[in-house]
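J.: Here is my input; please provide its structure:
(one chain, ligands or ions: 1)
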Amino acid sequence: MTVVWFRQDLRVADQPLLQRAASLSRPVLGLYLLPDHWLQADADGMDRLGPAKSAFLLESLNDLQAQLTQRGLALQCLRAEPVTLLSHWHARQPLQVITAAAQAPEEAAMIAALRQAGIRVIEEETQTLLAADALPWEGSFPATFSRFRRKVDSRDGVPVSQPDGPPPSLTAAQSLPTPPFAELARELLAKRGQHWQRNSQDYFSLHGGEQAGLQWLDHYLFETRSVDHYKQTRNRLIGEHYSSRLSAFLAWGNLSVRRVWQRILDYEAGHGANPGSEWLRVELLWREFYHWSLREHGARVFHYAGLNDQAPRRPEPATSLAREYWQRWCQANTGLPFIDANLRELMATGYASNRGRQNLASFWVHDMGLDWRRGARWFQHYLVDDDVASNWGNWAYIAGVGHDARGGRRFSPTRQCQHYDPEGEHLHYWLPALRALSARQCLSLHFSFGQDDPLTDYPAAMLPLPAADLKLA
Ligand SMILES: Cc1cc2nc3c(=O)[nH]c(=O)nc-3n(C[C@H](O)[C@H](O)[C@H](O)COP(=O)(O)OP(=O)(O)OC[C@H]3O[C@@H](n4cnc5c(N)ncnc54)[C@H](O)[C@@H]3O)c2cc1C
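T.: Alright, predicted model coming up:
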């Protein structure tokens, strides 16, 4: 039998795994595995499966199951270490596995171990725009995004192949018995997601799954034509259509990035290309850049000293101070309203704007002075759109150990807030206790280190900001 092992590609349309399964003419079983190690906490107590993420993943699996059931196929969703489970099954009934090409080293190791166990594993590209056998650069991987973009986006356009057609018809295989060391994944996800409220008041959020993703894509592009203002609004912090909100659908593969790209081209064919649609495609190339960078650089993406083997220069704070910083960060209680508002949003919803994420990462690395990898793991727990390549790539970039030609970026949280949330709309939404204060008054709290504010109960800033930040416009 053929096991189609879905990972970050939870969809049936434009699904090379199913197309490949059809060519093998054997009964097919769909499988999703929640790896055990995602549930193991690191030294800080963080695992890889926070509440919003669990809920979105569960919705994605439910939708995938519905799509497969319509086609007469079964989907088994289990929590188990993939190599242990698949080897166990293979020992009882020979099987072959079709799955996405490995990106992170841990995935490559799993696939290698399966092959060692005698299982035939077929890898297909399911997550990228470009095909591995037609990469438009020779030799070493482009060191910066601009070089990558120049290579990829030539005069003939980005070489993206057409999305695959509708899923082929396949013969179903029977589900396999769940061994005692495995557990039903859906129940576990439901338990983890149950205390998470999708719609806290009027906050905008999306449901997971291929159908939800397809609807949202059409709504965003064609019904509301929000892409037209994407270039002007993409750096905002709050609202429904300021950016595309495609990230979680792409991270879980509810939508293939090829399909998204194709729909943007369709939009441009019908309504004309504009700076918004063109810029949205540029952002998709950032995702592409980090995906191929991860494949190229492997384990180095996760090293403290990064791609160039140069550790960040800034010394870490003393242990007791580092512990205090960590605790206050986890409680979204740093005393800096702009940071706290973004932390609250991320922890409550699993999402924060790109601007918010950049500022959080910058504050972590350049102001708190903590190891950037702990920050990346903290994000990984909460983000509903957690994508290993994009998350670690962006963190390394800001820490100055990744692809940034400038060697790291510090953002002034105060100036950033003044610029991107001038009326304090985002601040007031997430920090209701400060609603009586103007945006400017809120920001003056950024400089309250060592002095509790008598007017509000807001805690004093947990650290002093550099003097250059003091100037409020
Ligand atoms: C520290 C940090 C961590 C991040 N972690 C993730 C992550 O785990 N998963 C993730 O998808 N994005 C991550 N990003 C990138 C970016 O913040 C999100 O993709 C974006 O905010 C998602 O919202 P959107 O879909 O509305 O984005 P849009 O602005 O509408 O962009 C469209 C799509 O382009 C891609 N994209 C945009 N910006 C980036 C970028 N800087 N890097 C890679 N891809 C990008 C995403 O797929 C996104 O959905 C991170 C950024 C930072 C600074």
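J.: Ser175 in helix, strand or coil?
T.: Of the three states, Ser175 takes coil under DSSP: H, G, I helix; E, B strand; the rest coil.
J.: what residues are up against it?
T.: Leu29, Ala74, Gln76 (C-beta atoms under 8 Å, 6 or more residues apart in numbering). Using the backbone N, CA and C atoms, a C-beta is placed for each residue, glycine as well.
J.: So which residue is smack in the middle of the protein?
T.: For the chain, the residue nearest the mean C-alpha position is Asp386 (2.7 Å; C-alpha atoms, centre = their mean).
J.: Which secondary structure element is home to that residue?
T.: Per DSSP states H and E: Asp386 is located in neither a helix nor a strand.
J.: Tell me if Gln232 really is in a strand.
T.: No. Using three-state DSSP, the secondary structure at Gln232 is helix, not a strand.
J.: Can you tell me the closest non-neighbouring residue to it?
T.: Spatial nearest neighbour of Gln232, excluding adjacent residues (C-beta to C-beta, 6 or more residues apart in numbering): Gly276 at 7.7 Å.
J.: Could you check how far the residue nearest to the centre of the chain is from Ala212?
T.: 18 Å (C-beta to C-beta, to the nearest Å).
J.: And Tyr458, by the same measure?
T.: Noted for Tyr458: a distance of 38 Å to Ala212, by C-beta to C-beta.
J.: which helices and strands sit right next to whatever helix or strand Thr69 lives in?
T.: Using DSSP H and E, Thr69 falls within helix 51-70. On a contact count with 3 or more C-beta pairs under 8 Å, 6 or more residues apart in numbering; DSSP states H and E, helix 51-70 meets strand 28-34, strand 75-79, helix 185-193, helix 210-218, helix 372-382.
J.: Tell me which of these sits nearest to Thr99.
T.: strand 28-34 (8.9 Å; C-beta to C-beta).
J.: Show me what that closest one is in contact with.
T.: Outside strand 28-34, the residues that touch it by C-beta under 8 Å, 6+ apart are 1-7, 10, 18, 21, 49, 61, 64-65, 68, 73-80, 82, 85, 170-176, 185, 188-189.
J.: Tabulate the CA atom coordinates of it in PDB.
T.: Listed next in PDB are the C-alpha coordinates belonging to strand 28-34 (Å, rounded to 0.1, in the frame of the first residue of the first chain):
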ATOM      1  CA  VAL A  28      -3.800   4.800  -0.600                       C
ATOM      2  CA  LEU A  29      -4.000   5.700   3.000                       C
ATOM      3  CA  GLY A  30      -3.700   9.400   4.100                       C
ATOM      4  CA  LEU A  31      -1.600  10.000   7.300                       C
ATOM      5  CA  TYR A  32      -0.900  13.000   9.500                       C
ATOM      6  CA  LEU A  33       1.600  12.500  12.400                       C
ATOM      7  CA  LEU A  34       2.000  14.900  15.200                       C
END
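J.: Any idea how far it is from the middle of the chain?
T.: A distance of 22 Å separates the centroid of the chain from that of strand 28-34, by C-alpha atoms, centre = their mean, to the nearest Å.
J.: so for it, what's the average pLDDT?
T.: In this model, strand 28-34 has a mean pLDDT of 98.
J.: now stretch 88-104
T.: Averaged across stretch 88-104, the pLDDT comes to 97.
J.: swap in stretch 43-63?
T.: 96.
J.: tell me which residues in it are buried?
T.: Neighbour counts over stretch 43-63 (16 or more other C-beta atoms under 10 Å) mark 46, 48-63 as buried.
J.: what do you get for stretch 97-109?
T.: Neighbour-count burial for stretch 97-109 flags Val97, Ile98, Thr99, Ala100, Ala101, Ala102, Gln103, Ala104, Pro105, Glu107, Ala108 (criterion: 16+ other C-beta under 10 Å).
J.: Stretch 86-95 too?
T.: Residues Leu86, Ser87, His88, Trp89, His90, Leu95 are the ones in stretch 86-95 that count as buried (16+ other C-beta under 10 Å).
J.: Redo these as a markdown table? Include distance to the ligand.
T.: Converted to a markdown table, the buried residues of stretch 86-95 look like this (distance: C-beta to the nearest ligand atom, whole Å):
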| residue | distance to the ligand |
| --- | --- |
| Leu86 | 27 |
| Ser87 | 30 |
| His88 | 32 |
| Trp89 | 31 |
| His90 | 33 |
| Leu95 | 32 |
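J.: Contact partners for Asn354?
T.: Arg234, Asn235, Ser243.
J.: isn't the residue nearest to the centre of the chain right up against Ala376?
T.: No. The pair Asp386 / Ala376 is not scored as a contact, 10.0 Å apart, by C-beta atoms under 8 Å.
J.: out of the contacts of Ser175, which one sits closest to the ligand?
T.: Gln76 (26.9 Å; C-beta to the nearest ligand atom).
J.: Now do the contacts for the closest one.
T.: So Gln76 contacts Leu29, Gly30, Leu31, Tyr32, Ser175, Leu176, Thr178 (C-beta under 8 Å, 6+ apart).
J.: Quick check: beta-bridge partners of the second one?
T.: The reference is to Gly30. With DSSP bridges as the criterion, Gly30 is bridged to Val4, Leu75.
J.: Residue numbering should commence at 157 henceforth.
T.: In the new count, where the first residue is 157, that last one comes out as Gly186.
J.: Check the burial of it by counting its neighbours.
T.: Gly186: 27 surrounding residues under other C-beta atoms under 10 Å.
J.: Distance of it relative to Ile495?
T.: According to C-beta to C-beta, Gly186 and Ile495 sit 42 Å apart.
J.: The third one now?
T.: Here the criterion is C-beta to C-beta. By it, Leu187 lies 41 Å from Ile495.
J.: which of these two has more neighbours?
T.: Per other C-beta under 10 Å, whichever of Leu187 and Ile495 has more neighbours is Ile495, with 27 against 24.
J.: from what I can see that one touches Ala517, true?
T.: No. Look at Ile495 against Ala517 with C-beta under 8 Å: they stay out of range, at 10.9 Å.
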